[in-house]
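Engineer: My questions concern the predicted model and sequence given below.
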Amino acid sequence: MSTLTETSRKVNKTDRIPMSGTRDKLAVRGKKDGYVYRIVNDTPGRVQEAQLAGYEVVVGEDITFGHRHVDSASGKGGSVATTPVGGGTDGILMRIRKDWYEEDKKARHDAIDESEKQMRRNLNNKSEADYGKFDTEK
């Protein structure tokens, strides 16, 4: 019991992190400017799919996951930056150039906008007779 009390006294109140689930275990610290980072599940084919899209595996950088090195994994020493993501799966830290990310994001939004325009066009072309009515005579 005295050991617990002594340890408790050594912990500075500002350094203490509550166990209430507020820790962001997937937060990434030590990122370089000009890149967008994401954690990709290390499942068959997923990392290769990301690489084909322009992502690269982050290797050998001073990367830390989580809050103040709590439950942290590190990419120091030339190793791949990985962290547990749950269910026995590890996540691999990957990054893509920010300009490529923005191009991909714009292409996704353009496709959504075009799809929504088509839906509006289809609704505007329907007559009142065949839209929103319930036929009870059949």
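Structural biologist: Everything's here; your move. Numbering: from 1, shown residues only.
Engineer: now the strands for the chain?
Structural biologist: 28-29, 35-41, 56-57, 64-65, 82-86, 89-97 (DSSP state E).
Engineer: Mean pLDDT lowest where, among those strands?
Structural biologist: When those are ranked by mean pLDDT, strand 64-65 comes last with a mean of 75.
Engineer: Show me what that one is packed up against.
Structural biologist: If you count contacts as 3 or more CB pairs under 8 Å, 6 or more residues apart in numbering; DSSP states H and E, strand 64-65 packs onto strand 28-29. From N, CA and C alone the C-beta is placed, and that goes for glycine too.
Engineer: Can you tell me which of the strands of the chain is nearest to Glu49?
Structural biologist: The minimum distance between Glu49 and the strands of the chain falls on strand 35-41, with 8.4 Å, by CB to CB.
Engineer: thinking again about what came up before, for the strands of the chain, which one ends up most surrounded?
Structural biologist: Highest mean neighbour count of those: strand 64-65, a mean of 22 (counted as mean count of other CB atoms under 10 Å).
Engineer: follow-up on the earlier one: with distance to Arg120 as extra columns, can I get the strands of the chain in CSV?
Structural biologist: Output for the strands of the chain, formatted as CSV (distance: least, CB to CB, whole Å):
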stretch, distance to Arg120
strand 28-29, 40
strand 35-41, 32
strand 56-57, 40
strand 64-65, 44
strand 82-86, 39
strand 89-97, 33
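Engineer: Name the nearest residue to Pro84, sequence neighbours excluded.
Structural biologist: In space, and not counting its chain neighbours, Pro84 is closest to Asp90: 5.9 Å by CB to CB, 6 or more residues apart in numbering.
Engineer: Help me confirm that the one you found comes into contact with Asp42.
Structural biologist: Yes. Judged on CB atoms under 8 Å, Asp90 makes contact with Asp42 at a distance of 4.7 Å.
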